[in-house]
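Chemist: how would this look folded up:
(chains A, B, C and D)
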Number of protein chains: 2
Amino acid sequence: MAARTPPGQTRRQVLRFMRERLIAGRPPTVREVQEAFKFRSVQSAREHLEILVEEGKLTKEPGVSRGYRLPEASLVPPSVPVPLLGQVQAGALTEAIEDPDGGYIGVQRGGSNDELFALKVTGESMIDAGILPGDVVIVRCQPTADSGDIVVALVDGEATVKLLKKNRRRVELHPANPAFEPIVPATGDLSLLGKVIEVRRYLGK
Amino acid sequence: MAARTPPGQTRRQVLRFMRERLIAGRPPTVREVQEAFKFRSVQSAREHLEILVEEGKLTKEPGVSRGYRLPEASLVPPSVPVPLLGQVQAGALTEAIEDPDGGYIGVQRGGSNDELFALKVTGESMIDAGILPGDVVIVRCQPTADSGDIVVALVDGEATVKLLKKNRRRVELHPANPAFEPIVPATGDLSLLGKVIEVRRYLGK
DNA sequence: TTGCATACCATACAAATGTCTGGTAATCAA
DNA sequence: TTGATTACCAGACATTTGTATGGTATGCAA
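Modeler: Below is the predicted model of the structure:
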């Protein structure tokens, strides 16, 4: 017999394993759970799973293979892959999205089927808005935005993050850093890439 | 025999069906495909699926049940569900993780199988570190941390985010805001919950 | 016509997988 | 002690499911 573990401990790990697999879209078989935990009997895995179902942590469709599911309550909103871009040159946005140099990151978008991309921020111009160099902003492509939105726009052929301000027929791009000057593009000469809907910072492991 | 459809037409529908099911995390069996398309033979479904694999539209793991996959799936790093906590009282961490009031968010962790949780930040004590009220920090549970790490610790029975500083046999929790005072817990009296590995800010739609 | 390809069908078999029955050992409380 | 509970094991069985073999009908092109 394998080592006996404290009550509930193994079961928590099993739940964890199930969540990972189910989120990844690859529901495991009972025997795959057995394998993962080195049980010598299928039944051991099955018992943990059935108990998790009783506890409401999982649901299942009896009789069907790979039939365990996450209950509605703990449903994680599905995340979509979003291309992570490094530097964006003018006009090269579409190509950059097609073949991102930073790979993809998972973003939970709010239902709509919009075009998203992610951008690594350089420079300190938005530091007072809590956006530091190295942060990743997630951007929804849209041709316009409201005053007060944080947006990504092409300035001098480079994508930059700024605060959008509109006052009577003037559009301005404000940095959130007193050391920088606002940018006032000529009327109608603003190429807005989209609006920032999320900011992420990855700290060292 | 069922009605004969133009070449490739049914197959396109099958691919669509597969995409839907696979994205939903519920890969179908060959017979479920048969059912969905009212084929009177399993083989009809199987032939469509195998051809889609040959065309590169799908991949599959031979021999395993529900073994068809989306080829792009390999590009997207898998994300794990992480419980999102609101307020954490002393000692109630484990229970809070078991039954999070904020649901779950998807996090791509760097391979290790660690315990993670997410915490909504209140207060402005870390504003100079780019962590604003309402931000979500993702925390890896660990009993110790290095000097300079941003950590979550229990202070006065509440979970708070602070900068950890160690100098000769003293451990201090520093806010990143000049309006707040550093916290110097009595030696050995620091209950460290974990280290912040990611910061997220969700901006309005 | 012939030959070939496509779409679909019928049936069988074997492997994968869910499920069941009964058992051992450890822990805890009465 | 006794009994109850938990964690795990062993082996079997039944269903689900992947796979194979061969067949029918339609359309198309040489």
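Chemist: buried ones in the lengthiest helix in chain A, by neighbour count?
Modeler: In chain A, taking DSSP state H as the definition, the longest helix is helix A:9-23. Applying a neighbour-count criterion of 16 or more other Cβ atoms under 10 Å in any protein chain shown, the buried positions in helix A:9-23 are A:10-12, A:14-15, A:17-23. In this view, the C-beta of every residue, glycine as well, is placed from N, C-alpha and C.
Chemist: and if you look at stretch A:51-60?
Modeler: Within stretch A:51-60, the residues scored as buried using 16+ other Cβ under 10 Å are A:52-53, A:57-58.
Chemist: which of the buried residues of helix A:9-23 sit farthest apart?
Modeler: The span of these, defined through Cβ to Cβ, is set by A:Thr10 and A:Ile23 at 20.4 Å.
Chemist: where in chain A is pLDDT low?
Modeler: Counting by pLDDT under 70, chain A shows low-confidence ranges at A:1-7, A:72-81, A:87-103, A:109-114, A:187-188, A:205.
Chemist: and the longest strand seen in it, what does it pack onto?
Modeler: In terms of residue count, the longest strand belonging to chain A (DSSP state E) is strand A:191-202. Contacts defined by 3 or more Cβ pairs under 8 Å, 6 or more residues apart in numbering or on different chains; DSSP states H and E place strand A:191-202 against strand A:136-141, strand A:150-155, strand A:158-167, strand B:191-202.
Chemist: how does it look with 7 Å?
Modeler: Under the contact criterion of 3 or more Cβ pairs under 7 Å, 6 or more residues apart in numbering or on different chains; DSSP states H and E, strand A:191-202 touches strand A:136-141, strand A:150-155, strand B:191-202.
Chemist: what angle sits between the helix or strand hosting A:Leu119 and strand A:191-202?
Modeler: Using DSSP states H and E, A:Leu119 maps to strand A:116-120. When axes from the mean of the first three to the mean of the last three Cα atoms, to 10 degrees is applied, the directions of strand A:116-120 and strand A:191-202 differ by 70 degrees.
Chemist: which non-adjacent residue is nearest the residue most central in space within chain A?
Modeler: A centroid search over chain A (Cα atoms, centre = their mean) returns A:Val107, at 2.4 Å, as the residue closest to the centre. Closest residue to A:Val107 apart from its sequence neighbours, by Cβ to Cβ, 6 or more residues apart in numbering or on different chains: A:Val82 at 4.6 Å.
Chemist: still on that earlier bit, now the strand holding A:Leu119, how far from the centre of its chain.
Modeler: 10 Å (Cα atoms, centre = their mean, to the nearest Å).
Chemist: output it in CSV with nothing but the alpha carbons.
Modeler: In CSV, the C-alpha atoms belonging to strand A:116-120 read as follows (Å, rounded to 0.1, in the frame of the first residue of the first chain):
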residue,chain,number,x,y,z
LEU,A,116,-7.4,42.1,-28.7
PHE,A,117,-3.7,42.5,-28.5
ALA,A,118,-1.2,43.0,-25.7
LEU,A,119,1.7,45.4,-25.7
LYS,A,120,4.8,45.6,-23.5
